[in-house]
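In: kindly return the folded structure for what I paste below:
(one chain, ligands or ions: 1)
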Amino acid sequence: MFDTCLEFLRASKNFKKFRVTPQNILIIGGSGFLGSQLAWQLTKDGHFLRLPTRRRERVKHLLTLPTSEVIEANVHDPTQLEALVAGQDAIISMVGILRGGTGHPYGAGFARAHVELPRKIAAVAQAAGVRRVIHVSALKAAADAPSGYLRSKAAGEKVLQEAGLDLTIFRPSVIFGPGDQFLNVFASLLKALPFLPLACPNARFQPIWVEDVAACIASSLTQPGSIGQTYELCGPSRYTLRHLVNYVGKVIGERRPILALTDRLSYLQALAAEFVPGAPMTRDNYYSMQLPNVCETGCGLPFGRTSTAMEVIAPAYLTDQRGRADNDALRKKAGR
Ligand SMILES: NC(=O)c1ccc[n+]([C@@H]2O[C@H](COP(=O)([O-])OP(=O)(O)OC[C@H]3O[C@@H](n4cnc5c(N)ncnc54)[C@H](OP(=O)(O)O)[C@@H]3O)[C@@H](O)[C@H]2O)c1
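Out: Below you'll find the predicted structure:
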């Protein structure tokens, strides 16, 4: 009998059809927007995946991936984390949240998800002898950044860097693609409102396609030279937020007047939005947008890859909103 999926695959006559040596990979945070794309990419490459989630029923789209195991788990619990890491060749750490709440210099939620969780991952990886770790951070993460989100992301990187693992870090700019919480949000707002009061209209972004981010992460698994490296990931073009919103309006045929808020009003809008259920924006988001979310090194991707233009990808999914909106409405109705 075979002890692991990997042994089974190595013995199988299908083994040769895969381009890379298959590995057992745990993706922590692999059930989200980027993680789902990465899971699909790594499954295509022939790897065996373990995908923990807090609510299995929300990630049914991953259940059909043939070599993936979706497991309902609490990754913050060291015992459960230890069980998840057992038998894995690599760990991809990509839990991220945008609302950190209060109660800590970073916000208690940021401290837990972006710093304490990487600390637990490092400890469990060391104990299990799993050396290879890939971590998804965020562009402009820095100890002195203006937002708790970016400071906590920097602290999480540091924790992993100090653990002596075979570590690669990715720092993407904002990510676009079907199901994103970026261009899709503006599309929804433009459809719902007669005009759009826009906070931080001059904030700068260099959006990158979700498939490009996933492809870079997948490539790093086969690139020993990526160990010890930190890669910034950006798309080919830089935009202001105002330009992006205008672009979305044009694509979906819902051009609306944009009321560009001053800096003071942007802050007040963010403050007010914290009291709206789901907090669509927070002051911490406002602070993050004080830094240009663009790559210092231009738009080159690692491993010889070229980034894909937003204009090539976004129109197709922005003009096909119905399926996702229906799914979201049904899920909400079912309380999931
Ligand atoms: N999307 C972007 O534009 C962007 C830009 C730069 C960097 N990033 C970084 O890329 C990573 C992936 O982002 P994403 O957009 O794919 O995020 P996402 O769609 O919100 O997915 C978040 C993932 O983290 C898990 N998660 C969230 N809160 C958690 C918690 N408190 N405890 C345990 N697990 C939790 C979710 O698992 P469940 O299934 O349990 O909900 C899910 O797998 C994050 O680290 C993010 O900071 C994203």
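In: what number of residues lie near the residue of the stretch 51-200 of the chain at minimum distance from the ligand?
Out: Nearest residue of the stretch 51-200 of the chain to the ligand (CB to the nearest ligand atom) works out as Gly96 at 2.2 Å. Yep, even glycine has a C-beta here, placed from its N, CA and C like the rest. The number of residues packed near Gly96 is 20, by other CB atoms under 10 Å.
In: cool, and the one 5 residues further on?
Out: Other residues within reach of Gly101 by the criterion other CB under 10 Å amount to 18.
In: Tyr247 now?
Out: 18.
In: list the contacts for the closest residue to it other than its chain neighbours?
Out: Of all residues beyond its chain neighbours, the one nearest Tyr247 is Tyr239 (7.5 Å), with distances taken as CB to CB, 6 or more residues apart in numbering. By CB atoms under 8 Å, 6 or more residues apart in numbering, the residues touching Tyr239 are 204-207, 247.
In: partner residues bridging Tyr239?
Out: For Tyr239, the beta-bridge partners are Phe205 (DSSP bridges).
In: so which residues on the protein come close to the ligand?
Out: 29-35, 53-54, 59, 75, 94-97, 113, 136, 138, 172, 174-175, 182 (CB under 6 Å from any ligand atom).
In: just the buried subset of those residues, please.
Out: With burial judged by 16 or more other CB atoms under 10 Å, the buried subset of those is 29-35, 53, 59, 75, 94-96, 113, 136, 138, 172, 174-175, 182.
In: next step: those restricted to helices.
Out: Among those, the residues falling in helices (DSSP state H) are 33-35.
In: between these, which sits nearest Ala279?
Out: Phe33 (18.2 Å; CB to CB).
In: count the neighbours of the residue nearest to the closest one when sequence neighbours are not counted for me.
Out: Using CB to CB, 6+ apart and skipping the chain neighbours, the partner closest in space to Phe33 is Gly179 (5.6 Å). Counted by other CB under 10 Å, the residues lying close to Gly179 total 16.
In: just to revisit the earlier point, contact partners for the residue of the stretch 51-200 of the chain closest to the ligand?
Out: 29, 32, 113-114, 136, 138, 153.
In: for the contacts of Tyr239, give me CSV that also has distance to Leu190 and pLDDT.
Out: Below are the contacts of Tyr239 laid out as CSV (distance: CB to CB, whole Å; pLDDT from 0 to 100):
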residue, distance to Leu190, pLDDT
Arg204, 21, 98
Phe205, 17, 98
Gln206, 22, 98
Pro207, 17, 98
Tyr247, 11, 98
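In: re the thing from before, hang on, the residue nearest to Phe33 in a helix?
Out: No: counting by DSSP: H, G, I helix; E, B strand; the rest coil, Gly179 is not part of a helix but coil.
In: roughly how far does it sit from Arg119?
Out: Applying CB to CB, to the nearest Å, the value for Gly179 to Arg119 is 30 Å.
In: do Ala86 as well
Out: Distance from Ala86 to Arg119, by CB to CB: 19 Å.
In: do the same with Leu183
Out: 34 Å.
In: all strands for the chain, in order.
Out: Remark: strands assigned in the chain by DSSP state E are 24-28, 48-53, 68-72, 90-93, 132-136, 166-172, 175-176, 196-198, 204-205, 208-209, 230-233, 239-240, 258-260.
In: for the longest one, name the packing helices and strands.
Out: If contacts are counted by 3 or more CB pairs under 8 Å, 6 or more residues apart in numbering; DSSP states H and E, strand 166-172 sits against strand 132-136, helix 148-161, helix 210-220, strand 230-233.
In: a markdown table for these, including mean pLDDT?
Out: Conversion of the helices and strands packed on strand 166-172 to a markdown table gives the following (pLDDT from 0 to 100):
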| stretch | mean pLDDT |
| --- | --- |
| strand 132-136 | 98 |
| helix 148-161 | 98 |
| helix 210-220 | 98 |
| strand 230-233 | 97 |
